[in-house]
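Trainee: Coordinates only, no sequence provided:
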């Protein structure tokens, strides 16, 4: 448009210049009496030429503006323009742009249809919500969940009636975030996933029904508990009978008996650990009491004093907090520290074991460190899994069951605390326990 306006201005100046020249010529040629008629005639001719030229410029511009308006409204049909016109190349380029936009529109429409087909085929409830709380997209599973059909562009507080789901959506609306958490609603278990996009300012909600998985998990735990109970009694009997044979056997046969007793003890330890873990999962109650921290640790360390001295290890205890008491289940907490200190003594051949106590105002922090061989980084994420052992041959030789750390984590979780491990090959291992004060 700037070029066109410039062309019009240039042509107008030329016309004015032309009119002045014609006027001068007329003054010299035509008598003064006919001057008025000459001026009028010259003005009319210049005006007609100007109108004609302006029309030849403005008309195509109006046509071009009309075509652009059609494209903006989504009309990508073929553009009509005179092929011989001097501006035909502009219309041609605009037509090419229109065709490309049509292709992009078709492609986008196809992708949109595929997206809706995908989310409709997913049995989990899915919906997308904008920053204002309006539900922009949803699938049939979500409509069935809220028992409504026309949900699009409605506020979530007018749609979601389930309290557990509403609380999470409302919390995410006030403070957008991406997270995954498990909820229980009407005897059903759900894994609730929220994913927030900083770009679109929208949140994708997905509700996975894991009720069958949790029921299967419960059945498995009940089975383990029942089998462990049934196995423990015959194992205890077998061990008792083996001990009665010990006095009647010669030295050669006693070696075989020792192997049998050692493996029987190993089975008994596994069964006892399974029973302990099953009880913790079924009975989540805690018998809390005020525990004096220093006395608590001293009583536990007495159990290991002989082993620590016999291996020539140094034991160091650091108390870096003014806190002297903690509320916890004494028996369960003893299981945790006995397990961790036992591992530290078991897997440290030389060096030292450090136990430090600290706090960060809200938590009491225990660190149990050793100078053993350490644990490779790839094992750390799975260290608290049931039956997971780093060195199977060494664990078997030392009587490990692979359940101790799993039990320890479960007990710490019951106390609303956390347990983590840091380790490096050749530099030892550190277990960090945080318990709320």
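Mentor: Now that the structure is in, tell me what you want to look at. Please read these numbers as outputs of a predicted model, since none were measured by experiment.
Trainee: pLDDT at residue 401, what is it?
Mentor: Note on residue 401: pLDDT of 65.
Trainee: Just the residues contacting stretch 263-270, thanks.
Mentor: 231, 232, 235, 236, 238, 239, 242, 399, 401, 403 (C-beta atoms under 8 Å, 6 or more residues apart in numbering). C-beta here means a position set from N, CA and C on the backbone, and glycine is covered the same way.
Trainee: check contacts around the fifth one.
Mentor: This means residue 238. Taking C-beta under 8 Å, 6+ apart as the criterion, residue 238 is in contact with residue 264.
Trainee: Can you tell me what sits against stretch 417-424?
Mentor: Identification of contacts with stretch 417-424 by C-beta under 8 Å, 6+ apart yields 336, 363, 374-375, 377, 380, 383-384, 408-409, 412, 429-436.
Trainee: so the closest residue in space to residue 372 that isn't next to it in sequence, which of the three states?
Mentor: In space, and not counting its chain neighbours, residue 372 is closest to residue 348: 4.0 Å by C-beta to C-beta, 6 or more residues apart in numbering. Following DSSP: H, G, I helix; E, B strand; the rest coil, we place residue 348 in the coil state.
Trainee: Would you confirm that residue 348 contacts residue 312?
Mentor: No. Residue 348 lies out of contact with residue 312 (C-beta atoms under 8 Å); the separation is 10.4 Å.
Trainee: Select from the contacts of stretch 263-270 the one having the most neighbours.
Mentor: residue 403 (22 neighbours; other C-beta atoms under 10 Å).
Trainee: Return the distance of that residue relative to residue 430.
Mentor: 21 Å (C-beta to C-beta, to the nearest Å).
Trainee: in this structure, which spans are helices?
Mentor: 2-29, 35-72, 88-121, 140-146, 163-174, 211-245, 251-282, 293-310, 330-346, 392-398, 404-414 (DSSP state H).
Trainee: Got the phi and psi for the nearest residue to residue 166 once chain neighbours are set aside?
Mentor: Counting by C-beta to C-beta, 6+ apart, residue 166 lies nearest to residue 160, which is 4.7 Å off, once chain neighbours are set aside. The phi/psi pair for residue 160 (degrees, to the nearest 10) reads phi -80, psi 120.
Trainee: Poorly predicted segments of the stretch 251-400 of the chain, please.
Mentor: For the stretch 251-400 of the chain, the stretches flagged by pLDDT under 70 are 391-400.
Trainee: tell me the contacts of the residue nearest to residue 372?
Mentor: For residue 348, the contact set (C-beta under 8 Å, 6+ apart) comprises 311, 313, 370, 371, 372, 428.
Trainee: distance of it from residue 257?
Mentor: Residue 348 sits 31 Å away from residue 257, going by C-beta to C-beta.
Trainee: do the same with residue 263
Mentor: Counting by C-beta to C-beta, the gap from residue 263 to residue 257 is 11 Å.
Trainee: higher neighbour count, those two?
Mentor: The neighbour comparison of residue 263 against residue 257 (other C-beta under 10 Å) goes to residue 257, with 15 against 12.
Trainee: check contacts around the more buried one.
Mentor: Counting by C-beta under 8 Å, 6+ apart, residue 257 touches 242, 245, 246, 249.
Trainee: so what's the last one closest to, chain neighbours aside?
Mentor: Setting aside the residues directly before and after it, residue 249 is nearest to residue 257 in space (C-beta to C-beta, 6+ apart), at 6.0 Å.
Trainee: ok, the residue nearest to residue 166 - how many residues close by?
Mentor: Around residue 160 there are 22 residues (other C-beta under 10 Å).
Trainee: cool, the one 10 residues further on as well?
Mentor: Residues lying near residue 170 (other C-beta under 10 Å) number 13.
Trainee: Equivalent analysis for residue 268, please.
Mentor: 16.
Trainee: next one: residue 337
Mentor: Neighbours of residue 337 (other C-beta under 10 Å): 21.
Trainee: can you check residue 386 too?
Mentor: By the measure other C-beta under 10 Å, the count of residues near residue 386 is 15.
Trainee: Could you check how far the closest residue to it other than its chain neighbours is from residue 273?
Mentor: In space, and not counting its chain neighbours, residue 386 is closest to residue 406: 4.7 Å by C-beta to C-beta, 6+ apart. Distance, residue 406 to residue 273, by C-beta to C-beta: 8 Å.
Trainee: Quick check: PyMOL command selecting the buried ones in the contacts of stretch 417-424.
Mentor: With 16 or more other C-beta atoms under 10 Å as the criterion, this PyMOL line picks the buried residues out of the contacts of stretch 417-424:
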select buried, resi 336+363+374+375+383+384+408+409+412+429+430+431+432+433+434+435
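Trainee: Out of the contacts of stretch 417-424, list just those in strands.
Mentor: Mapping those onto strands (DSSP state E) picks out 363, 429, 430, 431, 432, 433, 434, 435, 436.
Trainee: any chance of these in a markdown table, plus distance to residue 278?
Mentor: Supplementary listing: those in a markdown table, determined by distance: C-beta to C-beta, whole Å:
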| residue | distance to residue 278 |
| --- | --- |
| 363 | 29 |
| 429 | 28 |
| 430 | 29 |
| 431 | 24 |
| 432 | 27 |
| 433 | 23 |
| 434 | 26 |
| 435 | 24 |
| 436 | 26 |
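Trainee: Looking at those, which is nearest residue 184?
Mentor: residue 436 (23.4 Å; C-beta to C-beta).
Trainee: Now do the contacts for the closest one.
Mentor: Counting by C-beta under 8 Å, 6+ apart, residue 436 touches 362, 363, 364, 415, 416, 417.
Trainee: and what of residue 429?
Mentor: 344, 347, 369, 370, 372, 374, 375, 421, 422, 423.
Trainee: same thing but at 10 Å, please
Mentor: Going by C-beta atoms under 10 Å, 6 or more residues apart in numbering, residue 429 touches 340, 343-344, 347-348, 368-375, 380, 383, 421-423.
Trainee: same deal with residue 167?
Mentor: Residue 167 is in contact with 160, 183, counting by C-beta under 10 Å, 6+ apart.
Trainee: Specify the residue ranges that define each domain of the chain.
Mentor: Using automatic domain parsing, the domains assigned to the chain come out as 2-104, 122-209, 215-282, 288-436.
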